[in-house]
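1. Sharing a model that was predicted from the sequence below.
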Number of protein chains: 2
Amino acid sequence: MNSDEFRKYGHEVVEWIARYYDNIEQYPVKSRSLPGSVKAQLPGGPPSESQPFDTFLKDFDEIILPGITHWQSPNFFAYFPANSSPPSVLAEMLTAALGTQCMIWETSPAAAELEERMMEWLRDMTGLPECFEGVIQDTASTATLVALLTAREKASSFRSNRTGLFSTATMRVYCSSQSHSSVEKGAGIAGIGRENVVRIPVREDFSLDPAELRKAIETDLAAGHIPCCVVATIGTTGTTAIDPLRMIGEICSEKGVWLHVDAALGGTALLLPEMRWMADGIEYADSLVFNPHKWMFTNFDCSAYFVRDAASLIRTFDILPEYLRTRTRGQVNDYRDWGVQLGRRFRALKLWAVIRTFGVDQLRAMIREHLRLAKMLAGMIGADREYRIMAPVHLNTVCFRWQPPDVTEDEADRLNEKLNHSLNDTGKIYLSHTRVEGRYILRMVTAQTTVEERHVAEAWRLIRETASAISSKGRAVDID
Amino acid sequence: MNSDEFRKYGHEVVEWIARYYDNIEQYPVKSRSLPGSVKAQLPGGPPSESQPFDTFLKDFDEIILPGITHWQSPNFFAYFPANSSPPSVLAEMLTAALGTQCMIWETSPAAAELEERMMEWLRDMTGLPECFEGVIQDTASTATLVALLTAREKASSFRSNRTGLFSTATMRVYCSSQSHSSVEKGAGIAGIGRENVVRIPVREDFSLDPAELRKAIETDLAAGHIPCCVVATIGTTGTTAIDPLRMIGEICSEKGVWLHVDAALGGTALLLPEMRWMADGIEYADSLVFNPHKWMFTNFDCSAYFVRDAASLIRTFDILPEYLRTRTRGQVNDYRDWGVQLGRRFRALKLWAVIRTFGVDQLRAMIREHLRLAKMLAGMIGADREYRIMAPVHLNTVCFRWQPPDVTEDEADRLNEKLNHSLNDTGKIYLSHTRVEGRYILRMVTAQTTVEERHVAEAWRLIRETASAISSKGRAVDID
């Protein structure tokens, strides 16, 4: 493809993207593809000869697009968002064009230094301690793994990296029963073992119970185990519970245990001074992750990892083959030493584009509006006697359950599952679910980049209408 | 930024990219930035108010671009390439616009099924065994970590993931002294320990010596250790040595050890039937990684990981929180279970764009041309009595050393280092170095997407000219 062809198709793709965003509400939010239906349309083998890019675009429209779940739709209320925004897309275009591999400073000094500056901006925008240094990771799963590994190294005086865990006393990791699955996955990867993740019981609001944490650590110490890391969460995945950071931090400080804060979702809300109560006690934290790629309008992937003692992080990952020895070593940040991967994309560019193009005031206004929409939705749901709010609404997520009168809890489980699938199958909105105390509940997240009050109100109307239709078809008969 | 503004700036960015590629040879290949110079031009804090996107583009040109090392320049001969191409950039634009998070099939069925199909295409294009299943990882570092973890699980009957490595006999990993640093880094991460990576001596051509491998495994078995994984390399980072896969595979098969093949660079050459001798014995391999983002014209990041027994891979990473339970579970590939991260970008799209737009014939022709250029360069260097070829040229990389008459080996080390820096400081070409048997050598990789014979010839002219200038300035005096 020559330069003229690139121009031609590039402009076509820009028009495609603009039209896509203009018309995004026309698509079914959750793809209606059946398993195997996309693959069946793709040839079994690659073409020998070059095909015009037109044919790629045509197949993209006809084969791929129907199989896409539209995360950028304002009617996407599922999981947590993976928000994009126009300035972020434009910056990603430039990142792709430059194709720099940002493993070390020398392989693109501007990428390393922009990353350093953007991490300072984010730190200051969210009121994190000034001593925190930051690095962009791909995902919060990776960032939490990085925290566990650094904690593991500190707990073994940096021996486990060298000699393995084979002759070490059992290490233990603590998080609440509501914490993200990446903690267990990370403990498995790190050789600590998933069964050495101690799931601490939660209080009524689904936040970690610090008294139980203290008890668990003391029991483990008495058994000769090594408490290695506590993961506290600001905004759990299920219900956005906020763990009590100060009380947890005091225990970690007393026992000498690494405190990692998973603020993957909630971190963005720290842009708002009125939400900083969530971070009370942050001075005890050793590390924190939050994902601009979730709620801060920056394309996936972009996960901001902060650490108090960058030297211990670097000591965990540093490895220096000859071909990476440079003249600037020691004077600059070589971010390959700050995480798992050697190769790194130029991710700081999109953060810069987003923060500048929105400006902090507008970012704050958008996040405030999302919080308001969640409160509004919770108000509407709470006012309907057939529905129950199932968890405190601190952030952008409302957990609720349809609970018609005269229906058992078990029957309500089945009804809510049916309601969830029926809603998603309409293509008009996309919700996800979780279980709380064994009960199936619906989650609705009001935080997509372009979501407005009308989308939330219409979603609620659709939920009630769909529930009514299920009811009138005869609950007991129709439930499979 | 509204839709009209996105169109306006999108078209501007497309024009910028086209101009960038048209003029890429005008930029100094390796950035001349001094440490801190980019960061000093970036405000200490974020703007409160929205800034027009024009100002972003202006600062991108004036502040960022001078700090970029131009990996897409045909005069980039350093490291291994991280090749992009116009169709890959166009596909990345679409990926960014869709902003789908491809953690499970349901969150974008087309992404999962295109990934499955593209991995089949790549497998067949490179002649890998039909039983291999594939998944896209971000980097070869991650893919090698994934292989080590799966090997660790198999070696412990899937116990280490659950209970950790604490009561396990010491596990050992084997690779050659020339293998990539990611093996040691991965062993550290996995809790196996870097010191439990046994570096097997190499033969004269820098390939792993299988007799030494057998000896090492047998010694470890006698000591009660658990041989867990052997990493063989097709195209080592330093000199592109090719480890003897069949002989290594026979040992692995006999001893029941996982065999992972690091073909991060070399895998692309397997597109050529005449290069498949490198993969002789591949039927013994349990897993293999190769990076389309290196030499196959597909934007970083895109690392193709293949595994013989996908069930053991999934068993290593599978974790199922309630909110990820879907109706299609078990019928489709949920790729979050195939690696470290939960969140995943839609990377298969750019692979599809690249393979279709080039076609397999043209991809093969380009790779053949790169191999020819390396042979040509090696011929020119070998014909000059002041230079020595330092390793066999199997692929796209020529390792050489300037060795003027009457110069000691130590002095030649300093001269070559000076030559390397002098060349890179011209901005005209960018080379990197390594050490072979303690000696400083230069590496020149003739595999950038747009490199032509004239670039290689001109680079060689510049190398000789620069060396002459260093010589005539008085070697002994001028070397610092």
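-> All right, it came through fine.

2. make it CA atoms for all contacts and neighbour counts henceforth
-> Noted.

3. Name the residue most distant from the centre of chain A?
-> Each residue of chain A has a distance to the centre, and by Cα atoms, centre = their mean the biggest one is for A:Glu49: 40.7 Å.

4. The residue lying closest to A:Pro74 once chain neighbours are set aside: neighbour count?
-> Using Cα to Cα, 6 or more residues apart in numbering or on different chains and skipping the chain neighbours, the partner closest in space to A:Pro74 is A:Val451 (4.3 Å). By the other Cα atoms under 10 Å in any protein chain shown criterion, the neighbourhood of A:Val451 contains 20 residues.

5. now swap in the one 4 residues further on and tell me
-> Using other Cα under 10 Å, A:His455 has 18 neighbouring residues.

6. Which helix or strand contains the spatially closest residue to A:Leu377 that is not a sequence neighbour?
-> Leaving aside its sequence neighbours, A:Leu377 sits nearest to A:Val456 (Cα to Cα, 6+ apart; 7.0 Å). Secondary-structure assignment from DSSP states H and E places A:Val456 in helix A:453-472.

7. The stretch 51-200 of chain A: strands as residue ranges?
-> Counting by DSSP state E, counting those that start in this stretch, the stretch 51-200 of chain A has these strands, from start to end: A:133-137, A:171-176, A:197-200.

8. With B:Ile389 as the reference, name the closest of those.
-> Closest to B:Ile389 of these is strand A:133-137 (Cα to Cα; 39.5 Å).

9. For the closest one, which strands pair with it and how are they oriented?
-> strand A:303-307 (antiparallel) (DSSP bridges).

10. roughly how far is the strand it pairs with from the heart of the chain?
-> Its chain's average C-alpha position is 12 Å from that of strand A:303-307, according to Cα atoms, centre = their mean, to the nearest Å.

11. pLDDT of it, averaged?
-> Average pLDDT, strand A:303-307: 98.

12. swap in stretch A:114-125?
-> Stretch A:114-125 comes out with an average pLDDT of 98.

13. if we can go back for a sec, identify each buried residue in the helix holding A:Val456, please.
-> Using 16 or more other Cα atoms under 10 Å in any protein chain shown as the test for burial, helix A:453-472 gives A:Glu453, A:His455, A:Val456, A:Ala459, A:Trp460, A:Leu462, A:Ile463, A:Arg464, A:Thr466, A:Ala467, A:Ile470.

14. farthest pair in those residues?
-> A:Glu453 and A:Ile470 (25.9 Å).

15. How about the residues of the stretch 151-300 of chain A by chain B?
-> Neighbours of chain B within the stretch 151-300 of chain A, by Cα under 8 Å from any Cα of the partner chain: A:160-170, A:181-182, A:185, A:187-196, A:238, A:299-300.

16. Give me the subset of the residues you listed that lies in helices.
-> In helices, defined here by DSSP state H, the members of these are A:Ser160, A:Asn161, A:Arg162, A:Thr163, A:Ser181, A:Ser182, A:Lys185, A:Ala187, A:Gly188, A:Ile189.

17. Test my guess that the third one contacts B:Gly188.
-> Yes. Applying Cα atoms under 8 Å as the test, A:Arg162 and B:Gly188 come out as touching, 6.4 Å apart.

18. shared neighbours of the two, which are they?
-> Jointly contacting A:Arg162 and B:Gly188 under the rule Cα atoms under 8 Å, 6 or more residues apart in numbering or on different chains are B:Arg194.

19. Quick check on these two: which one has the bigger neighbour count.
-> Neighbour count, other Cα under 10 Å: between A:Arg162 and B:Gly188, B:Gly188 has more, with 29 against 21.

20. Neighbours of the closest residue to that one other than its chain neighbours, how many?
-> Spatial nearest neighbour of B:Gly188, chain neighbours left out: A:Asn161 (4.4 Å); criterion: Cα to Cα, 6+ apart. For A:Asn161, the tally of surrounding residues (other Cα under 10 Å) stands at 30.

21. From B:Glu184, how far off is A:Asn161?
-> With distances taken as Cα to Cα, to the nearest Å, A:Asn161 is found 9 Å from B:Glu184.

22. which residues are in contact with both of those two?
-> In contact with both A:Asn161 and B:Glu184: B:Gly193, B:Arg194, using Cα under 8 Å, 6+ apart.

23. Now stretch A:78-91 - C-alpha only, PDB.
-> Only the C-alpha atoms of stretch A:78-91 are listed here, as PDB (Å, rounded to 0.1, in the frame of the first residue of the first chain):
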ATOM      1  CA  ALA A  78     -22.200  -3.900  31.800                       C
ATOM      2  CA  TYR A  79     -19.000  -4.900  33.700                       C
ATOM      3  CA  PHE A  80     -17.000  -1.700  34.100                       C
ATOM      4  CA  PRO A  81     -16.700   0.500  31.100                       C
ATOM      5  CA  ALA A  82     -13.600   0.500  28.800                       C
ATOM      6  CA  ASN A  83     -14.100   4.100  27.700                       C
ATOM      7  CA  SER A  84     -12.600   5.600  24.700                       C
ATOM      8  CA  SER A  85     -13.000   9.200  23.400                       C
ATOM      9  CA  PRO A  86     -12.100  11.000  20.200                       C
ATOM     10  CA  PRO A  87      -8.800  12.600  21.300                       C
ATOM     11  CA  SER A  88      -7.700   9.200  22.700                       C
ATOM     12  CA  VAL A  89      -8.500   7.500  19.300                       C
ATOM     13  CA  LEU A  90      -6.500  10.200  17.500                       C
ATOM     14  CA  ALA A  91      -3.500   9.800  19.700                       C
END
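
24. for it, the distance to its chain's centre please.
-> Relative to the chain's own centre, stretch A:78-91 is displaced by 12 Å; criterion: Cα atoms, centre = their mean.

25. cool, stretch A:178-189 as well?
-> 14 Å.

26. who touches that stretch?
-> Contacts to stretch A:178-189, defined as Cα under 8 Å, 6+ apart, come from residues A:141-142, A:144-145, A:148, A:173, A:175, A:193-194, A:196-197, A:202, A:206-207, A:231-233, A:236-238, B:149, B:160-162, B:164, B:189-191, B:317, B:319-321, B:340, B:342.

27. Of these, just the buried ones, PyMOL syntax please.
-> To isolate the buried ones among these in PyMOL, judged by 16+ other Cα under 10 Å, type:
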select buried, (chain A and resi 141+142+144+145+148+173+175+193+194+196+197+202+206+207+231+232+233+236+237+238) or (chain B and resi 149+160+161+162+164+189+190+191+317+319+340+342)
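
28. can you list the domain ranges for chain A.
-> A:3-68, A:93-358, A:363-478 (automatic domain parsing).

29. what stretches of the stretch 301-450 of chain A score poorly on pLDDT?
-> In the predicted model, the stretch 301-450 of chain A carries pLDDT under 70 at residues A:323.
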